Structures are given as C-alpha cells and as structure tokens.
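Engineer: model this:
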Amino acid sequence: MSCPTHPADVTSSGLGFTRAALRAGLTVVEVNRPDKAERRRIGKSDSTDAYAAARAALSGRASVIPKDDNVSGMRALHNAARSAVKARTAALNQIAHILITAPDDIRVKYTAPRGKTQVDAISRLRSIGDGPRVALLTALKTLARRVQALSAEHDTLTAA
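Structural biologist: Here you go, the predicted model:
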C-alpha cells in the first residue's frame with residue numbers, strides 16, 4: 001500500500017515501494033492524506049497515519065490505482081520547468097538590482113525597455129570602458145544570456 005504523507009514520499013520511497021510491491025504481486029492502492037480532524041483528535045504520528053491508511057484501504061475508501069511511471073515522468077518535467085522559472089526570475093531580479101546602482105548612462109539606456117526587449121538589448125552589450133564598468137557590463141550581459149537560456153530551457157521542458 002502506498003501512503004504518501006509528504007510530497008517527497010510520492011517521488012522517492014513511496015514510488016520505489018509501490019514498484020516493489022507490484023512486482024511481488026501485491027495489490028496496491030493509493031491513500032489520500034490523513035484526515036485532518038482525525039489527526040488532531042488522535043495525534044500526529046507516522047504509526048497513527050499508517051493505521052488510518054490501512055483502515056481506509058480495508059474499508060474500500062481508498063481504491064485508487066497508484067500513479068505509474070508516466071506520472072512520475074511528467075512530475076520530473078514539471079519540477080525541472082518550475083526550477084528554470086525560479087532561476088530565471090532570480091537572474092531578472094539581479095539585473096534589476098544591478099541597474100539600480102549602475103552609472104546613469106547605463107541605467108537610463110537599459111531600464112526603459114522591459115521584459116524580452118530589455119534582456120535582448122543587455123545580452124548584446126559590449127564590455128568597454130574602465131575596469132569597474134567592464135565588470136558591470138559583463139555581469140549584466142552574463143545574466144541576460146542566462147535569462148535567455150533559462151527561457152529556452154523552460155519552453156523545451158514545457159513542450160516535452
């Protein structure tokens with residue numbers, strides 16, 4: 001019986017246990033999370049959750065066939081795509097924060113356009129000038145290219 005009490009259980013030990021149980025010829029059903037009212041009344045523990053899951057399976061309340069490898073594959077793609085979005089947002093925030101303290105000519109030129117236009121313009125920067133200016137422009141260009149790569153990665157994962 002698969003009894004996910006935590007989202008990580010579904011993708012790690014729960015899925016492995018389910019596969020092993022199915023290979024052994026056992027009947028496996030998926031049990032929803034424990035009833036909140038019952039957990040408050042009886043107490044919160046793994047053994048209490050296990051007994052509640054067993055009661056649900058034996059009574060027939062839990063009769064859903066567990067998720068298969070197709071679901072875990074889709075979950076992996078979804079998680080990777082969410083991770084790309086999170087990293088992309090972090091890079092965009094870094095660009096915005098760098099522009100706040102950038103010299104006036106750079107700040108004015110690259111703050112006006114927003115979104116894809118801003119990132120495209122920054123990704124084409126040429127790092128010229130003195131040391132600190134070159135460092136600033138290089139950082140902006142690197143972050144903009146990272147945003148572009150993460151956008152492409154997200155599109156690829158979403159299409160898959």
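Engineer: Mind giving me the packing neighbours of the lengthiest helix in the chain?
Structural biologist: The longest helix of the chain (DSSP state H) is helix 69-100. For helix 69-100, the packing partners by 3 or more CB pairs under 8 Å, 6 or more residues apart in numbering; DSSP states H and E come out as helix 104-111, helix 116-123, helix 131-159. All C-beta spots, glycine's among them, are computed from the backbone N, C-alpha and C.
Engineer: Pull out the buried residues from the longest one.
Structural biologist: Residues of helix 131-159 classed as buried under the neighbour-count rule (16 or more other CB atoms under 10 Å) are 136-137, 140-148, 150-151, 153-154, 157.
Engineer: try the first one
Structural biologist: Within helix 104-111, the residues that count as buried by 16+ other CB under 10 Å are Ile106, Tyr110.
Engineer: outside of it, which residues touch it?
Structural biologist: Leu99, Ile100, Ala102, Gln118, Ala121, Ile122, Leu136, Leu137, Leu140 (CB atoms under 8 Å, 6 or more residues apart in numbering).
Engineer: tell me how far that helix is from the chain's mean position?
Structural biologist: When distances are taken as CA atoms, centre = their mean, to the nearest Å, helix 104-111 is centred 33 Å away from the chain's centroid.
Engineer: Next, the angle helix 131-159 makes with that helix.
Structural biologist: Here the directions of helix 104-111 and helix 131-159 differ by 10 degrees (axes from the mean of the first three to the mean of the last three CA atoms, to 10 degrees).
Engineer: Quick one: mean pLDDT for helix 104-111?
Structural biologist: In this model, helix 104-111 has a mean pLDDT of 88.
Engineer: That helix to helix 116-123, inter-axis angle?
Structural biologist: Using the same axes, to 10 degrees: helix 104-111 against helix 116-123 is 140 degrees.
Engineer: mind giving me the domain ranges of the protein?
Structural biologist: 7-59, 69-159 (automatic domain parsing).
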